[in-house]
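A.B. asks: this is a predicted model, with the sequence first.
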Amino acid sequence: MALAARTLYTGCDFPLWMQWGIVVYGSIIIFLFINFYVHAYIRPTADSAKSKVRYDFTLLSVYLTNKSVNK
């Protein structure tokens, strides 16, 4: 995308509408990736966070129960 923007600045012989199309396309791809990243890693849903915590506590309780039984 940076290279396409550079060709707009320097005045390349490539058709102008295609240069702008490449800039718009690159911007859309970056926007979609950022949207995916935010929803997948930064702000997970409350249900998945609750289930992960419950799962972690379940593993901890199973570990502690097995450890106390084996003594």
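C.D. replies: Alright, I've got the coordinates.

A.B. asks: what is the mean pLDDT for stretch 41-61?
C.D. replies: Averaged over stretch 41-61, pLDDT sits at 62.

A.B. asks: which stretches in the chain count as helices?
C.D. replies: Using DSSP state H, the helices of the chain run over 2-10, 16-37, 46-70.

A.B. asks: look up how far Met1 lies from Ile30.
C.D. replies: Using Cβ to Cβ, to the nearest Å, Ile30 is found at 7 Å from Met1. Where C-beta positions appear, they are placed from N, C-alpha and C, glycine not excepted.

A.B. asks: can you point out the buried residues in stretch 18-31?
C.D. replies: Neighbour counts using 16 or more other Cβ atoms under 10 Å place Gln19, Ile22, Val23 of stretch 18-31 among the buried residues.

A.B. asks: list the contacts of that stretch.
C.D. replies: Stretch 18-31 has contacts (Cβ atoms under 8 Å, 6 or more residues apart in numbering) with Met1, Ala4, Ala5, Thr7, Leu8, Cys12.
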